[in-house]
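Asks: Got a predicted model here, sequence first, then my questions.
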Amino acid sequence: QRATSPTEVQQFLAALMAQGLPPVASEELSAYAAQYHEARAALQAGSEAATVPSVVDNAHAWADTLIDRSPERNRRACRAGCAFCCYLPTVLVSAAEAVHLAAWLHAHSTPEELATIRQRLAERLKPRTSPPTQGPRPSPCALLQDDRCMAYAARPLKCRGWTSLRREACEQAYGHGLADSQVPADAYAFVMGNAVLSGLSDGVQQTGLDGNSYDLTHALACVLDVPDAVERWRNGERLFDAVRSHGE
């Protein structure tokens, strides 16, 4: 965080590698540093709400680039129409991603689609009456429609970094709301996605804005119908205090 240039970051990491830091850890720290400095610089340079989609889109593009470098990328089983992991009860999203996602949905969805999303959010927010290992299949993500993400282009970093190497394992682990099976995941993609998320969150936090992560369902329900959510978050308003008060 204290480095003043990419060159200084690389010099610091080279020194750590000389002391035994594994190469993949160096890549993780490099990804974090790049995102941290970019997000912080962009938010400090401009106070307009228009900086938010740029910051978030750049973070997503950076994560996609890193994830695509994974040695396991050709072994991934994830395909369009495979949505077992979209039934996970909790997915974290950063505050910046949440307000950006809400604005993206309003720009790219019909009134009917937005009404459907509201209904699905309400369904997801209903208290569970039985343990995860019992009862019916859990509700899918509110953005899942016909086994495809309605907001795939704006999906959170946590979704981007979670990729499976075996479809059958996902079906067994998530398809019926169970989590007894281990899913062989692309570890490199997971680590890099988290590195970018951490860099984004910390960079945002350093500018005095909310850099916390929240449950996607609760966060989206908070801001989906706040027309100026991006601007209010950019101005420092704590839009997700209600989510925090519920222990998310």
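Replies: Nice, thanks for sending it over. Numbers count the residues shown, from 1 in each chain.
Asks: Buried residues in stretch 114-127, which are they?
Replies: For stretch 114-127, burial by neighbour count (16 or more other CB atoms under 10 Å) applies to 116-117, 120-121, 124. All C-beta spots, glycine's among them, are computed from the backbone N, C-alpha and C.
Asks: can you check stretch 31-48 too?
Replies: 31-40, 42-43.
Asks: Which of those residues fall in strands?
Replies: Taking DSSP state E, every one of these sits outside strands.
Asks: if we can go back for a sec, among the buried residues of stretch 114-127, which lie within helices?
Replies: Secondary structure assignment by DSSP state H places 116-117, 120-121, 124 of the buried residues of stretch 114-127 in helices.
Asks: Quick one: list the elements packing against the helix or strand R160 falls within.
Replies: Per DSSP states H and E, R160 falls inside helix 157-161. Judged by 3 or more CB pairs under 8 Å, 6 or more residues apart in numbering; DSSP states H and E, helix 157-161 is in contact with helix 51-68, strand 92-94, helix 187-206.
Asks: I'd like these laid out as JSON lines, including mean pLDDT and distance to L144.
Replies: Putting those into JSON lines (pLDDT from 0 to 100; distance: least, CB to CB, whole Å) gives the following:
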{"stretch": "helix 51-68", "mean pLDDT": "96", "distance to L144": "19"}
{"stretch": "strand 92-94", "mean pLDDT": "97", "distance to L144": "15"}
{"stretch": "helix 187-206", "mean pLDDT": "97", "distance to L144": "19"}
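Asks: Which one of the ones you listed lies nearest to P156?
Replies: Judged by CB to CB, the one of the helices and strands packed on helix 157-161 that comes nearest to P156 is strand 92-94, at 4.3 Å.
Asks: can you list the residues that contact the closest one?
Replies: Residues from elsewhere that reach strand 92-94 (CB atoms under 8 Å, 6 or more residues apart in numbering): 101, 156-158, 197, 200-201, 204, 211-216, 219-220.
Asks: That one: what's the following helix or strand?
Replies: Assigned by DSSP H and E, the successor of strand 92-94 is helix 95-108.
Asks: Next, the angle from that following helix to helix 51-68.
Replies: Helix 95-108 and helix 51-68 are oriented at 100 degrees to each other (axes from the mean of the first three to the mean of the last three CA atoms, to 10 degrees).
Asks: Looking at this protein, which helix is longest?
Replies: Max-length helix for the chain by DSSP H is helix 23-45.
Asks: what distance separates that one from the middle of the whole chain?
Replies: 16 Å (CA atoms, centre = their mean, to the nearest Å).
Asks: for stretch 218-228, same thing?
Replies: 16 Å.
Asks: cool, and stretch 15-23?
Replies: So, by CA atoms, centre = their mean, the centroid of stretch 15-23 is 29 Å from its chain's centroid.
Asks: quick one: contacts for the closest residue to G199 other than its chain neighbours?
Replies: Among residues not flanking G199 along the chain, Q35 sits closest, at 2.9 Å (CB to CB, 6 or more residues apart in numbering). For Q35, the contacting residues are 59, 62, 195-196, 198-200, 203, by CB under 8 Å, 6+ apart.
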